[in-house]
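> Any chance you can model this:
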Amino acid sequence: MSDHLHAPRLEPWKVGLRGRCPRCGEGHLFDGFLTLAKGCERCGLDYSFADPADGPAFFVVCFGCVPAVLFAVWLEIAFEPSVWVHVFVSLPFLLLTCILPLRPLKGWLVASQYYHKAEEGRLVVPPTRTGGDV
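Okay, here's the model as predicted:
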């Protein structure tokens with residue numbers, strides 16, 4: 001186990017896109033396709049801090065699905081192909097642009113959470129007045 005106090009600050013996009021530990025850059029971040037591991041097997045970092053929520057899906061929908069659907073609509077309007085063209089061209093293009101980027105984006109968001117020390121927001125309660133002013 002390496003000394004995590006002297007671990008270099010790794011860029012989130014470098015380790016996240018490769019699915020590596022955001023602290024040491026060597027351990028695996030995932031325990032499946034999109035399932036986060038419990039922790040790093042190299043440095044022991046607990047991944048319970050990570051909560052990318054729907055962030056990866058949002059980015060994939062905006063930057064992957066929308067262009068893929070627009071391509072399919074353009075293909076239909078411009079050439080009026082048979083259904084089989086959409087089955088063999090549009091559908092694989094849609095699946096590739098929607099599924100493949102999910103894992104690297106999730107890794108990048110988790111690594112960014114670690115890098116920027118992101119945590120759940122808390123409400124700060126202002127101190128109450130104890131003086132006689134009303």
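
> CA only for contacts and neighbour counts going forward, please
Will do.

> So which bits of stretch 110-127 are buried?
Neighbour-count burial for stretch 110-127, counted by 16 or more other CA atoms under 10 Å, picks out 110, 111, 112, 113, 114.

> so what's the last one up against?
Shown in contact with residue 114 (CA atoms under 8 Å, 6 or more residues apart in numbering): 22, 23, 49, 50.

> helix/strand/coil for the spatially closest residue to the first one that is not a sequence neighbour?
Leaving out its chain neighbours, the residue that sits closest to residue 22 by CA to CA, 6 or more residues apart in numbering is residue 111, at 5.0 Å. Taking DSSP: H, G, I helix; E, B strand; the rest coil as the rule, one finds residue 111 in the helix state.

> Thought residue 18 was touching residue 111, still the case?
No. Using CA atoms under 8 Å as the test, residue 111 is too far from residue 18 to be in contact (10.5 Å).

> picking up where we left off before, dump the buried residues of stretch 110-127 into JSON lines; add distance to residue 27 as well.
As requested, the buried residues of stretch 110-127 are exported to JSON lines (distance: CA to CA, whole Å):
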{"residue": "110", "distance to residue 27": "14"}
{"residue": "111", "distance to residue 27": "12"}
{"residue": "112", "distance to residue 27": "16"}
{"residue": "113", "distance to residue 27": "17"}
{"residue": "114", "distance to residue 27": "14"}
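
> List the residue ranges of the protein that fall below the pLDDT cut-off.
1-6, 131-134 (pLDDT under 70).
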